[in-house]
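K.L.:
Quick one, fold the following:
(one chain, ligands or ions: 1)
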Amino acid sequence: MSSTRQRNKNSSKEYYSQKKVADGYDEERFTTTGGKMFDTFEKNVVISNLPKNREGVKVLDAGAGSGRFTIEMAKRGFDVVSCDYSSAMLDAIKSKIKALGFENRVTLSKQDVPNLTFNDDEFDFICCMRVFVNLDTIENEVNALKELIIVCKPGGTVVFDIVNPKSLAVFGQRKSSMITLEKAKDIILSFPEVEIKKCFGRRILSQTTFEKAPPFLLGLIDRFDHVLSKIFPFFCVRIYFVLIKLRS
Ligand SMILES: C[S@@+](CC[C@H](N)C(=O)[O-])C[C@H]1O[C@@H](n2cnc3c(N)ncnc32)[C@H](O)[C@@H]1O
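P.N.:
Next up, the predicted model:
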């Protein structure tokens with residue numbers, strides 16, 4: 001783990017509020033071949049669940065970070081609201097959308113995901129990727145899910161992921177904000193207004209395995225990991241959920 005990825009005793013909010021963390025975010029995670037594979041995989045998770053029709057559709061990137069998903073959604077013509085608690089992260093998105101000419105398509109908003117101030121039923125589609133584990137407590141995560149469900153329209157979709165403490169890949173780095181597959185399902189089931197459309201895990205092997213493996217072996221390792229992830233989702237590092245809001 002490089003210096004900017006070292007967590008101090010401060011909360012994730014403080015960690016991601018640092019300019020050096022925001023500036024190094026993409027490069028630190030998604031520039032190795034293994035990092036790029038994960039990035040592509042996660043972008044596909046979001047893109048494949050976007051509404052087919054984009055007319056009048058409003059999408060939310062919650063905990064948008066440096067805008068990995070914001071940019072993909074804006075490129076596809078969606079009107080995107082990107083929110084994050086960190087002004088440094090919002091500044092990083094601002095630079096990207098300016099460079100790409102997407103200023104008219106993306107609205108930036110400083111928000112705390114467990115306490116959103118958007119209107120009820122405002123968004124047709126919401127992604128909230130790599131955020132839950134950064135909310136520090138399970139209570140914040142439950143509140144965040146509640147908020148995302150409230151601001152999603154009936155018939156809309158919420159995509160998010162959790163980090164699983166049962167995964168060997170996080171051995172030695174467990175945090176109290178990690179949630180098992182079973183616990184996450186229990187939390188989701190406590191919200192009767194949503195149903196789980198899809199739930200799948202990814203990465204039995206650690207990110208480091210992917211970063212250190214010789215590039216020519218990565219395709220093979222990825223396929224092997226994909227098969228293992230399907231058989232043993234409860235041991236995957238990341239578990240992804242696609243929820244549909246049934247009613248307000
Ligand atoms: C690991 S990054 C993920 C960024 C982006 N979603 C992605 O997948 O690349 C976590 C992001 O969540 C944001 N975050 C953490 N706690 C938050 C909170 N309570 N409210 C809003 N954003 C928060 C951080 O500022 C950071 O940008």
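K.L.:
Checking my notes, Val80 in a strand, right?
P.N.:
Yes: remark: Val80 belongs to a strand, assigned using DSSP: H, G, I helix; E, B strand; the rest coil.
K.L.:
count of neighbours near it?
P.N.:
Using other C-beta atoms under 10 Å, Val80 has 27 neighbouring residues. Backbone N, C-alpha and C define where each C-beta goes, glycine included.
K.L.:
can you check Ile231 too?
P.N.:
Neighbours of Ile231 under the rule other C-beta under 10 Å: 9.
K.L.:
do Phe210 as well
P.N.:
21.
K.L.:
Flag every residue of the protein that's near the ligand.
P.N.:
12-13, 16, 63-65, 68, 84-86, 89, 111-114, 129-131, 134-135 (C-beta under 6 Å from any ligand atom).
K.L.:
Now, of those, which are buried?
P.N.:
Those of the residues of the chain next to the ligand that meet the buried threshold are 12, 16, 63-65, 68, 84-86, 89, 111-114, 129-131, 134-135, by 16 or more other C-beta atoms under 10 Å.
K.L.:
mind listing the strands in the protein by residue range?
P.N.:
Assigned by DSSP state E, the chain shows strands spanning 58-62, 79-84, 106-110, 123-128, 152-163, 194-202, 238-245.
K.L.:
can you redo those as CSV with mean pLDDT and distance to Glu27?
P.N.:
Listed next are these as CSV, based on pLDDT from 0 to 100; distance: least, C-beta to C-beta, whole Å:
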stretch, mean pLDDT, distance to Glu27
strand 58-62, 98, 20
strand 79-84, 98, 18
strand 106-110, 98, 21
strand 123-128, 98, 22
strand 152-163, 98, 21
strand 194-202, 96, 22
strand 238-245, 97, 20
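K.L.:
Any idea which of those gets closest to Lys98?
P.N.:
Taking C-beta to C-beta, strand 106-110 is the member of these nearest to Lys98, at 9.9 Å.
K.L.:
Show me which parts of the closest one are buried, residue by residue.
P.N.:
Neighbour counts over strand 106-110 (16+ other C-beta under 10 Å) mark 106, 108 as buried.
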